[in-house]
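Enquirer: Based on what follows, work out the 3D shape:
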Amino acid sequence: MRPRPLDRPWATGGARSARALLGLAVVLTAALLASAPSAAQVVVEAIDVGGLETRSAALMLSGQDAGELAVSLVAIPMPDPMAERVRVLLVVDVDGESLLAGETGEMRITELYAYALEARGEALAASLTQAFMMELGPYRDALGERGVKFFGHLELVPGEYSLRVLVLRRQADRFALRTVPLSVPPWTGAAGPALGPPIFPEAAERWILVAAAGESAEQAFPLVIDGRPVVPSTRPLIGAEAGAQVLLMGRALPERLHAKLVATDGQESAELALGELRLLPPAAAGPELAVAELHAGDQAPGSYRLQLLPAGEDAFAVPVPSMPVTVLPAEIAARVTVWTELDSAAPDTSPGTLPAGPEETATRVRGGAREIFDHVAAAYRQALVELAAENRSAARAAVLRIEGDLLRPGSDAQEPLVAAQLRAALELVGDQADGLVSLIWLHEELYRQYHQDQRYRLATHSRQMMLRLAELYVARSDTPEARQLVACALVSLAGYLQEIGARHEAMQAFERALDFDPNHEAALLALAVIHEAFGHYETAADLLQRLHKVRPVDPEVRLRLAINLRRLGFERQAVRLLRKGIEDPQASWIRALAYQELANLRVEKKRHAEAAAILREAIRHLPDHQRLYVQLAAVLDRLERPTEARAVLDRLDPAAGRDVDSPRLRYTRVPAGGIAEARRVLAAGAVSRGRSLMETLPIAAGEGP
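Expert: Below you'll find the model as predicted:
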């Protein structure tokens with residue numbers, strides 16, 4: 001039940017830019033994900049925006065580096081002897097502070113354009129036109145610590161190019177334009193050893209990863225080693241002693257290479273120490289892979305271009321593109337890891353190896369795992385005590401202290417914290433899986449508090465913990481009651497997401513609730529309203545049909561189903577439901593809309609006299625609904641009865657219904673009653689199950705975990 005994709009909203013031409021930006025926001029919101037950045041997944045997917053408007057195109061074609069955004073990039077031609085056109089991997093880093101500055105609000109729209117122009121003649125050879133949007137909530141901490149790493153590609157024939165990349169934040173009037181030379185070597189038909197440009201891997205965990213539209217994970221990360229994607233650095237760093245690791249691609253790779261640096265003024269420097277190549281298992285039908293260690297020795301700090309040359313007499317079959325690198329001062333190099341930018345909070349990984357996988361990460365933190373577990377178990381116990389006594393704020397505070405301490409900016413304790421919380425939850429509840437309901441409620445409450453306090457990293461963590469505990473609860477107690485409680489938790493969460501404007505995340509949570517309880521009434525109704533707002537009338541009607549079977553006499557369900565059926569052309573069914581709606585004496589706003597819809601159907605068929613009769617009946621039963629008077633006057637005007645129309649308008653009472661929401665406005669909102677009930681059911685279940693759990697735990701005696 002995902003929203004159907006909309007057509008591309010942008011095309012070249014400045015006249016469209018204003019309305020295109022509005023359309024872009026609608027489309028991009030569908031790409032938002034609730035999860036925190038992960039090394040193994042693309043967390044944000046861009047869309048293709050079709051082209052540049054005139055002013056930005058002129059800026060890009062000028063070829064002048066400029067702008068306020070902090071941007072760096074690298075273009076890597078991927079070796080493929082079988083392809084006539086070379087796939088050039090484009091990696092663009094955008095500093096997080098640049099994205100946070102210059103604009104208020106919770107959304108950031110970023111456009112990215114790449115043009116490859118032939119070095120001679122300036123003809124356009126290939127282009128990439130993308131944009132992506134992020135809600136700052138899940139990503140604010142990650143942006144503050146690092147930024148965005150964008151992956152895309154261009155298909156180019158071998159040759160020399162000028163690559164121009166424009167990163168634009170139109171709403172803040174901020175941009176960055178970068179122009180770099182790009183040499184795409186010929187791979188087909190060339191015999192002998194061949195080497196692609198060197199790649200300096202870095203840890204993916206510190207970036208928000210963004211993939212171009214249509215890129216699969218395999219396309220965005222074409223090199224995977226030991227199950228982990230290789231994320232190239234756009235600004236490689238080399239230390240004198242710490243050195244750096246270089247990943248090499250090619251065919252018939254030699255055992256040794258020479259490496260040298262070329263200064264920005266073109267003067268060659270002494271050769272660097274390059275360790276022996278260590279061959280890696282190649283990817284299927286891919287190039288040979290090798291790893292080598294590169295050390296700067298006593299090279300002066302500064303910016304250079306790295307060149308790799310054969311150690312023997314054999315020359316490479318194709319030229320090897322050089323790579324910009326930075327040699328670090330010794331006192332700085334000693335404090336940073338070789339595959340990350342200058343960042344004192346970077347993971348403490350040993351030089352000479354690729355970024356650690358999950359097993360290595362676990363080994364590094366194992367020394368503090370027991371201490372983290374003890375703190376978490378004690379915090380959960382205290383929270384259960386407070387919750388059983390209905391001291392909800394104290395229950396939240398018990399866990400907030402430990403999470404706030406361990407998840408400070410720059411901390412890498414999230415994985416061990418999650419592991420400790422899941423283990424503590426299981427040990428505390430033992431055979432009483434229902435006790436997990438209390439912890440599910442606790443983390444749903446913490447998510448709201450963290451979000452309201454603008455502690456977005458903690459908010460993301462608590463939302464993930466709530467979902468993990470919910471899945472754990474159903475796995476341990478797969479009963480209808482357990483599934484209903486988990487569905488209530490997800491509906492409660494979705495209701496809050498809806499309140500803060502995260503409509504797509506809310507939709508995902510409502511859909512997940514239906515996975516656990518397919519007939520959850522609040523989730524069905526909320527999803528129907530959201531899909532109708534997006535213009536997905538068929539999906540909305542399907543959801544309302546399901547709900548109508550559960551609540552056949554509910555007047556709101558009948559009205560919403562009728563309106564969606566009418567939009568889909570099922571007029572007879574719609575009229576039948578609308579007539580039932582005008583007969584219901586309870587909900588006046590529903591009756592008013594039912595009358596209006598019946599009148600509109602008559603107007604569409606040019607049966608204005610019948611429409612007027614329906615509206616007069618509506619005013620007789622609902623005299624306070626002023627919209628009925630306006631609609632009747634409009635119908636009378638079409639009947640060329642202006643005197644009667646004026647008389648109807650004279651009966652308007654501006655004070656009538658002043659304290660009541662407009663029926664049309666109320667219709668567009670997700671009903672809050674069912675969501676509030678789901679929240680009440682979850683809270684009551686959390687308290688009752690917490691008390692039951694206390695009877696079997698030595699909490700009151702103050703025993704440790």
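Enquirer: so His153 is in which element?
Expert: In the assignment (DSSP states H and E), His153 maps to strand 147-156.
Enquirer: taking the mean pLDDT, what do you get for stretch 416-435?
Expert: Mean pLDDT, stretch 416-435: 85.
Enquirer: Quick one: distance of it to the chain centre.
Expert: Between the centre of stretch 416-435 and the centre of its chain there are 28 Å (CA atoms, centre = their mean, to the nearest Å).
Enquirer: Flag every buried residue along the strand holding His153.
Expert: Across strand 147-156, burial judged by 16 or more other CB atoms under 10 Å covers 147-154, 156. For glycine as for every other residue, the C-beta is placed from the backbone atoms N, C-alpha and C.
Enquirer: What is the nearest of these to Ile582?
Expert: Val148 (53.5 Å; CB to CB).
Enquirer: Tell me who's in contact with the closest one.
Expert: Residues near Val148 by CB atoms under 8 Å, 6 or more residues apart in numbering: 44, 93-94, 96, 99, 110, 207-210.
Enquirer: at 10 Å what do you get?
Expert: Contact analysis of Val148 by CB atoms under 10 Å, 6 or more residues apart in numbering lists 37, 44, 71, 92-96, 98-99, 108, 110, 112, 132, 134, 139, 142, 167, 207-210.
Enquirer: Check Asp542 too.
Expert: Taking CB under 10 Å, 6+ apart, we find Asp542 in contact with 1, 524, 527-528, 531, 536, 564.
Enquirer: now do Tyr456
Expert: Per CB under 10 Å, 6+ apart, neighbours of Tyr456: 36, 106, 135-144, 450.
Enquirer: just Ser462 next, same as before
Expert: Counting by CB under 10 Å, 6+ apart, Ser462 touches 396, 399-400, 403, 407, 442-451, 455.
Enquirer: doesn't it fall inside a strand?
Expert: No - if the criterion is DSSP: H, G, I helix; E, B strand; the rest coil, then Ser462 is helix and not within a strand.
Enquirer: Please report how far it lies from His443.
Expert: According to CB to CB, to the nearest Å, Ser462 and His443 sit 5 Å apart.
Enquirer: Need the overlap of contacts for these two.
Expert: Listed as contacting both Ser462 and His443 by CB under 10 Å, 6+ apart are 396, 399, 403, 450.
Enquirer: ok so, going back, which ones among the contacts of Asp542 lie within helices?
Expert: 524, 527-528, 531, 564 (DSSP state H).
Enquirer: After the strand or helix carrying Ala459, which helix or strand is next? Please name it.
Expert: Using DSSP H and E, Ala459 maps to helix 456-476. Using DSSP H and E, the helix or strand that follows helix 456-476 in sequence is helix 480-499.
Enquirer: Check which helices and strands that following helix sits against.
Expert: Contacts defined by 3 or more CB pairs under 10 Å, 6 or more residues apart in numbering; DSSP states H and E place helix 480-499 against helix 436-452, helix 456-476, helix 503-516, helix 521-533, helix 673-694.
Enquirer: now it against helix 521-533, angle please.
Expert: Here the directions of helix 480-499 and helix 521-533 differ by 40 degrees (axes from the mean of the first three to the mean of the last three CA atoms, to 10 degrees).
Enquirer: How about exporting the strand holding His153 as CSV, limited to the C-alpha atoms?
Expert: Provided in CSV are the C-alpha atoms of strand 147-156 (Å, rounded to 0.1, in the frame of the first residue of the first chain):
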residue,chain,number,x,y,z
GLY,A,147,27.2,14.7,6.5
VAL,A,148,25.8,13.1,3.4
LYS,A,149,27.7,10.7,1.0
PHE,A,150,25.9,10.5,-2.4
PHE,A,151,26.4,7.7,-4.9
GLY,A,152,25.5,7.8,-8.6
HIS,A,153,27.1,6.9,-11.9
LEU,A,154,27.7,8.2,-15.4
GLU,A,155,28.2,6.0,-18.5
LEU,A,156,31.0,7.4,-20.7
